[in-house]
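Peer 1: Following is a predicted model, sequence given first.
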Amino acid sequence: MKAKRILIFNVNWLGDVLFSTAVIRNIRHNSPDSFIACIIPSRCYLILKGNPHLDEIILFDEKDRHRNFLEKMRFVQSLKSKKFDMVFLLHRSFSRALIMRLAGIPQIIGYSTKKRAFLLTQKIAPIKRDSLHRIDYYLNIIEKAGLRVEDRYAEFFVSDEDEAFVDRFLNSKSVNKGEFLLGINPGGNWLPKRWPAHYWARLIDRLIAESGFKVIITGSTSDIALVKEIQKSMLKKPILATAELNIKQLGALCRRLDLFITADTGPLHIANAVGTKKIIALFGPTSPLVTGPWPLNNVSILQADVGCKVPCYAVNCKDSRCMKAITPEAVLEEIRKIVKTE
């Protein structure tokens with residue numbers, strides 16, 4: 001593809017933005033001399049910061065700084081001044097396609113839906129969203145547009161400063177190099193994907209008591225209450241990194257971990273992207289075939305069949321029996337298998 005000014009209008013969710021790095025890299029493979037920019041919301045900025053395949057990251061916060069009409073128009077004018085030749089719309093929304101048309105971008109490429117088809121210059125036939133892994137769902141757009149797809153994996157980049165920060169953090173917690181370090185990520189972006197707090201407490205207590213592993217609990221500020229709930233049921237004291245690390249520093253920590261245990265959430269995919277030695281992923285209402293880590297070389301997926309349709313998007317589910325069906329003993333057994341083969 002001839003050198004151009006290429007824009008990618010990305011999606012809004014951490015895990016999916018991480019999956020989209022396969023699109024970014026493959027566009028760069030196809031057009032190594034092009035200027036490539038990507039639009040993302042502020043909260044996803046660190047997912048793409050430092051990505052060597054991008055020349056610019058543009059922030060668009062539809063529900064914050066760009067929520068009113070005037071700010072949207074200013075954003076349109078800013079895009080217009082950048083004179084992009086083409087845009088790949090990873091998001092299926094009408095408003096994003098309209099913004100691209102108003103910005104005067106000659107080629108607008110994305111999935112065609114009834115409402116926005118007239119705004120697209122190259123219409124990609126829509127496919128059932130859960131029929132493909134998210135990586136392939138996004139790669140399909142550029143492939144159907146005529147680009148060559150060479151590979152299909154996510155990337156996450158951390159800096160030397162991030163690595164140094166984690167070194168200092170672990171030193172402050174008396175973690176010595178060579179000690180088996182096990183990370184626990186109990187959070188999740190919606191409740192049905194979370195493993196019960198008392199399960200985490202039981203698992204961590206047994207891990208510390210029986211193996212002597214250094215166990216570190218990760219999480220964001222929004223996970224503080226959950227981690228406190230877990231601690232109430234515990235006898236042992238793990239290392240707490242809740243709200244101590246940003247996303248980049250979490251990635252640097254995951255590089256150091258011997259094992260990471262987590263549900264289907266952004267940190268799972270960060271850990272996989274940076275090459276955490278071993279990962280145990282706890283899946284309940286979501287499908288590993290759609291939002292699971294890829295590749296699976298270092299990942300064990302635990303998921304119980306409780307008779308529910310998967311994927312299930314009942315975010316108000318009060319039962320969570322699919323997550324409850326994965327017992328701490330089952331996770332312990334999987335850990336023993338992993339440690340035995342180390």
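Peer 2: Nice, I can see it.

Peer 1: Next, the distance between the ends of stretch 276-285.
Peer 2: End-to-end distance for stretch 276-285: 24 Å, by Cα to Cα, to the nearest Å.

Peer 1: Equivalent analysis for stretch 269-279, please.
Peer 2: This stretch, stretch 269-279, spans 10 Å end to end (Cα to Cα).

Peer 1: Now do it: distance to the chain's middle.
Peer 2: Distance of stretch 269-279 from the chain centroid (Cα atoms, centre = their mean, to the nearest Å) equals 11 Å.

Peer 1: what bits of this structure have low per-residue confidence?
Peer 2: In the predicted model of the chain, residues 1, 341-342 satisfy pLDDT under 70.

Peer 1: Run through the helices of it in chain order.
Peer 2: 14-19, 21-30, 45-48, 69-82, 94-102, 134-144, 160-172, 197-211, 224-232, 247-256, 266-274, 288-291, 321-324, 328-341 (DSSP state H).

Peer 1: Out of these, which is the most enclosed?
Peer 2: Comparing the helices of the chain by mean neighbour count (mean count of other Cβ atoms under 10 Å), helix 266-274 comes out on top with a mean of 26. Where you see a C-beta, it was placed from the backbone N, CA and C, and this is true even at glycine.

Peer 1: the inter-axis angle of that helix versus helix 134-144?
Peer 2: Orientation check (axes from the mean of the first three to the mean of the last three Cα atoms, to 10 degrees): helix 266-274 against helix 134-144 gives 60 degrees.

Peer 1: what's helix 266-274 in contact with?
Peer 2: For helix 266-274, the external contacting residues (Cβ atoms under 8 Å, 6 or more residues apart in numbering) are 13-15, 18-19, 21, 153-156, 158, 183, 185, 187, 189, 218, 247, 250-252, 254-255, 257, 260, 262, 279, 281, 293-295, 298-299.

Peer 1: how about the residue lying closest to Thr262 once chain neighbours are set aside, what does it touch?
Peer 2: Nearest residue to Thr262, sequence neighbours excluded (Cβ to Cβ, 6 or more residues apart in numbering): Asn185, at 3.7 Å. Neighbour list for Asn185: Ile217, Thr218, Gly219, Phe260, Ile261, Thr262, Ala263, Thr265, Pro267, Leu268 [criterion: Cβ under 8 Å, 6+ apart].

Peer 1: with these in mind, which one is nearest to Asp55?
Peer 2: Proximity of these to Asp55 (Cβ to Cβ) peaks at Pro267, which lies at 27.6 Å.

Peer 1: And the closest one, how close does it get to Ile204?
Peer 2: As judged by Cβ to Cβ, to the nearest Å, Pro267 and Ile204 stand 17 Å apart.

Peer 1: Likewise for Asp162?
Peer 2: Asp162 is 26 Å from Ile204, by Cβ to Cβ.

Peer 1: Next: Phe213.
Peer 2: Taking Cβ to Cβ, one finds Phe213 at 10 Å from Ile204.

Peer 1: Which members of the contacts of Asn185 are positioned in strands?
Peer 2: Per DSSP state E, strands hold the following members of these: Ile217, Phe260, Ile261, Thr262, Ala263.

Peer 1: Report the beta-bridge partners for the first one.
Peer 2: In this structure, Ile217 bridges to Ile184, Leu240 when assessed by DSSP bridges.

Peer 1: ok, it - how many residues close by?
Peer 2: 21 (other Cβ atoms under 10 Å).

Peer 1: pretty sure it is touching Met234, no?
Peer 2: No: assessed by Cβ atoms under 8 Å, Ile217 is found out of contact with Met234, at 10.2 Å.

Peer 1: shared neighbours, those two?
Peer 2: With contacts defined as Cβ under 8 Å, 6+ apart, the residues shared by Ile217 and Met234 are Ile204.

Peer 1: Check the burial of Ala281 by counting its neighbours.
Peer 2: Using other Cβ under 10 Å, Ala281 has 23 other residues around it.

Peer 1: ok, it touching Thr262?
Peer 2: Yes: Ala281 is within contact range of Thr262, at 6.3 Å (criterion: Cβ under 8 Å).

Peer 1: residues contacting the residue nearest to Ser159 when sequence neighbours are not counted?
Peer 2: Leaving aside its chain neighbours, Ser159 sits nearest to Gly50 (6.2 Å; criterion: Cβ to Cβ, 6+ apart). For Gly50, the contacting residues are Phe157, Val158, Ser159, Lys248, by Cβ under 8 Å, 6+ apart.

Peer 1: Can I have the buried ones of those as a PyMOL selection?
Peer 2: Here is the PyMOL command that selects only those of these that count as buried (16 or more other Cβ atoms under 10 Å):
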select buried, resi 157+158+248
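
Peer 1: Put together TSV for the contacts of Gly50, with distance to Phe94 on each row.
Peer 2: Below are the contacts of Gly50 laid out as TSV (distance: Cβ to Cβ, whole Å):
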residue	distance to Phe94
Phe157	33
Val158	36
Ser159	37
Lys248	33
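
Peer 1: Distance check, the residue lying closest to Ala330 once chain neighbours are set aside against Ile135.
Peer 2: Excluding its sequence neighbours, the residue lying closest to Ala330 (Cβ to Cβ, 6+ apart) is Leu302, at 6.2 Å. According to Cβ to Cβ, Leu302 stands 22 Å off from Ile135.

Peer 1: thinking again about what came up before, in JSON lines: the helices of the chain, plus distance to Ile58.
Peer 2: Formatted as JSON lines, the helices of the chain follow (distance: least, Cβ to Cβ, whole Å):
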{"stretch": "helix 14-19", "distance to Ile58": "13"}
{"stretch": "helix 21-30", "distance to Ile58": "13"}
{"stretch": "helix 45-48", "distance to Ile58": "10"}
{"stretch": "helix 69-82", "distance to Ile58": "8"}
{"stretch": "helix 94-102", "distance to Ile58": "11"}
{"stretch": "helix 134-144", "distance to Ile58": "18"}
{"stretch": "helix 160-172", "distance to Ile58": "23"}
{"stretch": "helix 197-211", "distance to Ile58": "38"}
{"stretch": "helix 224-232", "distance to Ile58": "32"}
{"stretch": "helix 247-256", "distance to Ile58": "19"}
{"stretch": "helix 266-274", "distance to Ile58": "21"}
{"stretch": "helix 288-291", "distance to Ile58": "26"}
{"stretch": "helix 321-324", "distance to Ile58": "37"}
{"stretch": "helix 328-341", "distance to Ile58": "41"}
